[in-house]
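Enquirer: Provided below are the primary sequence and the corresponding predicted coordinates.
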Amino acid sequence: MTLKKSLTRCLIALIPLSSFLANGQQVEIIPYEDSRVITTGVPFLLIASDARGAGMGDMGVATSSDAFSQQWNPSKYVFSLAKSGLAVSYTPYLSKLVNDIFLGNVTYFNRVNDRSAFGASFKYFSLGEIEIVQDEFSEALIEKPNELTIDASYSLRLADQFSMAVALRYLRSDLRIQAVDANAGAASSVGVDIAGYYQSEETAFNDFNGRYRFGFALQNLGPKIKYDDAGRENFIPTNLRLGGGFDFIFDEYNKVAVTAEVTKLLVPTPPKLALRREFNDVNGNGTYDPETDELISEDRNYILEGKSQDVNFLRGIFQSFGDAPGGFSEELKEFTWALGAEYTYQDSFAFRAGYFNESDIKGARKFFALGAGFKYSAINIDLSYLFATSQIQSPLENTLRFSLSFNFGDGTYEEL
């Protein structure tokens, strides 16, 4: 028998065995119940800390300048009519359940000259007291987790109607529970904001004067935050804000400002995950049975659709525009939008209203907001109230938010 014939017979004899192995191997994919909501670390940065912005539906990137512009768009400071200002705010959180969770904010700004200004703020989010009891004989341990930010900004007027600003932010998140993990520590990161603002000259129309406003802000550009060496890294809430508005100036006493704003988290979308098993199906039923089947491989984080979130923050920003498992239609749902209006009388009283909308599959935050403002001399008092319109109840629902600001040297500057 020749060598060629011998090899041929061997190959023919191996064919049934190869077929049996191929037929015996099965792949089983079990999808998880996926969440389309994008989550980040230090999410309190997305809460409107001032009552004026909250009263117009959580917006502020393109509204007129005020003392709280640091949170929304610090480039507005060079359009302030006051020389400087100091502002404080207090926002109760989950007030229906507890009374010691709150967000506090202190902001200061100063116009150096006609073309430049700087601002600084301190924001503190308290998660209240947590009482930990190990057993009936142990003394209760009290933990007070909290998060905070400290930031500073510089804005410059590049033209009579346009300005830009940069801000640097330090973030610290102390959520450690030492009674549970003595090695846990506070996490920290840094973020950078880049913002711009345009305010047109006052233009005469048929029955009123008007002025256009536009603004943008890239917020919290910075590395991920991590609580311990073995823990998962979390993106900070890098955010894009775009807005525009128009002021209807009817006379020297009455003015109505309408504003629209859209926002998008520049954070990767969670992919659709599944459990993927490859195994030898001994009993031939097509389903993995740990009693009889031989497991070849198992992947508990198999990506069915979408892209991995295991990327750095810079790549995550670009990935966030095209990684939604549902394609372009889902990407559009990641934009939130808000509409707001503010009526001002004699620059001494203001009434505000707004609406905020978020897709049902991205968090379902939907609410109306009302607000009011009072000005006496150099003091501004602002209040706001929120009404949820979604089945998902807002932690700020039925909560009265309060902010107070002092403008020094009011009227020092005039609008160009």
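Expert: Okay, I see it.
Enquirer: Only the buried residues of the helix or strand hosting Glu261, if you could.
Expert: Here Glu261, judged by DSSP states H and E, is contained in strand 254-265. For strand 254-265, a neighbour-count test (16 or more other C-beta atoms under 10 Å) marks 255, 257, 259-261, 263-265 as buried. From N, CA and C alone the C-beta is placed, and that goes for glycine too.
Enquirer: any idea which helix or strand of the protein has the worst average confidence?
Expert: helix 3-24 (a mean of 43; mean pLDDT, DSSP states H and E).
Enquirer: Just the terminal-to-terminal distance for stretch 353-366.
Expert: Using C-alpha to C-alpha, to the nearest Å, the end-to-end distance of stretch 353-366 comes to 14 Å.
Enquirer: Now tell me what touches that stretch from outside.
Expert: 36-38, 55-59, 330, 333-334, 336-341, 367-371, 388-392, 394 (C-beta atoms under 8 Å, 6 or more residues apart in numbering).
Enquirer: do that again at 7 Å, thanks
Expert: 36-38, 55-59, 333-334, 336-341, 367-370, 388-390, 392, 394 (C-beta atoms under 7 Å, 6 or more residues apart in numbering).
Enquirer: and the gap between Arg211 and Leu168?
Expert: 31 Å (C-beta to C-beta, to the nearest Å).
Enquirer: Let me know whether Pro395 touches Ser95 as I believe.
Expert: No: Pro395 lies out of contact with Ser95 (C-beta atoms under 7 Å); the separation is 8.4 Å.
Enquirer: Point out where the protein drops to low pLDDT.
Expert: For the chain, applying pLDDT under 70 flags the ranges 1-24, 133-140, 177-184, 228-231, 411, 416.
Enquirer: Who are the packing partners of whatever helix or strand comes next after the least confident helix or strand of the chain?
Expert: Heading C-terminal from helix 3-24, the first helix or strand you meet, by DSSP H and E, is strand 25-31. Contact partners of strand 25-31 among helices and strands, from 3 or more C-beta pairs under 7 Å, 6 or more residues apart in numbering; DSSP states H and E: strand 272-280.
Enquirer: strands paired with the very next helix or strand once past the strand it packs on, and their directions?
Expert: Using DSSP H and E, the helix or strand that follows strand 272-280 in sequence is strand 294-305. On the basis of DSSP bridges, the sheet neighbours of strand 294-305 come out as strand 272-280 (antiparallel).
Enquirer: Report the buried residues of the partner strand.
Expert: 272-274, 276-277, 279.
Enquirer: Would you reformat those as TSV and include distance to Thr107?
Expert: Shown next, in TSV, are these (distance: C-beta to C-beta, whole Å):
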residue	distance to Thr107
Lys272	41
Leu273	41
Ala274	46
Arg276	50
Arg277	54
Phe279	60
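Enquirer: Neighbours of the closest residue to Thr40 other than its chain neighbours, how many?
Expert: Leaving out its chain neighbours, the residue that sits closest to Thr40 by C-beta to C-beta, 6 or more residues apart in numbering is Pro237, at 4.4 Å. Close neighbours of Pro237, defined as other C-beta atoms under 10 Å, add up to 21.
Enquirer: what's the answer for Phe349, then?
Expert: If we define neighbours as other C-beta under 10 Å, then Phe349 has 12 of them.
Enquirer: The one 4 residues further on now?
Expert: Here the number of neighbours of Ala353 (other C-beta under 10 Å) works out to 16.
Enquirer: Give the buried residues for the helix or strand where it lies.
Expert: According to DSSP H and E, Ala353 maps onto strand 349-357. Of the residues in strand 349-357, 350, 352-357 count as buried by neighbour count, 16+ other C-beta under 10 Å.
Enquirer: ok, of the residues you listed, which one's closest to Ala187?
Expert: Ala187 lies nearest to Phe356 out of these, by C-beta to C-beta, at 28.8 Å.
Enquirer: Bridged to that closest one, which residues?
Expert: Ala338, Phe367.
Enquirer: With Asp50 as the reference, measure out to it.
Expert: 15 Å.
Enquirer: Over to Val166?
Expert: 21 Å.
Enquirer: Just want to know which of those two has more residues nearby.
Expert: Neighbours were counted for Val166 and for Asp50 using other C-beta under 10 Å; Asp50 has more, 29 against 15.
Enquirer: Give me the nearest residue to that one, chain neighbours excluded.
Expert: Nearest one to Asp50, counting by C-beta to C-beta, 6+ apart, is Phe68 at 3.8 Å.
Enquirer: wait, what's in contact with the one you found?
Expert: Contacts of Phe68 by C-beta under 7 Å, 6+ apart are 50, 52-53, 87, 107, 403.
Enquirer: Can I get those residues in JSON lines including secondary structure and distance to Glu143?
Expert: Shown next, in JSON lines, are these (DSSP: H, G, I helix; E, B strand; the rest coil; distance: C-beta to C-beta, whole Å):
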{"residue": "Asp50", "secondary structure": "coil", "distance to Glu143": "29"}
{"residue": "Arg52", "secondary structure": "helix", "distance to Glu143": "34"}
{"residue": "Gly53", "secondary structure": "helix", "distance to Glu143": "31"}
{"residue": "Ala87", "secondary structure": "strand", "distance to Glu143": "31"}
{"residue": "Thr107", "secondary structure": "strand", "distance to Glu143": "29"}
{"residue": "Ser403", "secondary structure": "strand", "distance to Glu143": "29"}
